[in-house]
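Visitor: The sequence isn't on hand, but the structure is:
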């Protein structure tokens, strides 16, 4: 059976196991809502930089809009890859450094594609990049969505 982990789930119920650091909104969530545990299955309260799961337990790990909030993005990436099985997949989404979304008061890290090219230890593919209009028909990257493939070492 495919096991999927949703790290930083907020109010989204995408995983077989869903985890987040906070139950209440601390001003960092997009919709500003607290987690309703009646709508989230298999919820685990934990720090994404220290996941309480076995190494190689999940075939897929989803992490949407979390990396820009953590103190140590390298540790987060290492943890996501640790709990992912060999030949598994990590889906990562984040705002582009120059997007409006990057200016959220809870964001402490800002990323470009170059940062990932220089820092990821595993092969990855940019799945989609969403673009937003700025002005005078100039478009800037809004959100970057990655697929990171955990290849066997």
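Guide: In hand now; what should we look at? The structure presented is a predicted model; accordingly, all values stated were derived computationally and were not measured.
Visitor: which residue is nearest the middle of the protein?
Guide: Nearest to the geometric centre of the chain sits residue 63, at 2.5 Å (C-alpha atoms, centre = their mean).
Visitor: which residues touch that residue?
Guide: Residue 63 makes contact with 6-8, 48, 76, 80, 90-93, according to C-beta atoms under 8 Å, 6 or more residues apart in numbering. Where C-beta positions appear, they are placed from N, C-alpha and C, glycine not excepted.
Visitor: Could you report the distance from residue 146 to residue 2?
Guide: Residue 146 sits 20 Å away from residue 2, going by C-beta to C-beta, to the nearest Å.
Visitor: Kindly report the same for residue 108.
Guide: 33 Å.
Visitor: who's more crowded, these two?
Guide: Neighbours were counted for residue 108 and for residue 2 using other C-beta atoms under 10 Å; residue 108 has more, 11 against 8.
Visitor: Which secondary structure state does residue 78 sit in?
Guide: Three-state call for residue 78 (DSSP: H, G, I helix; E, B strand; the rest coil): helix.
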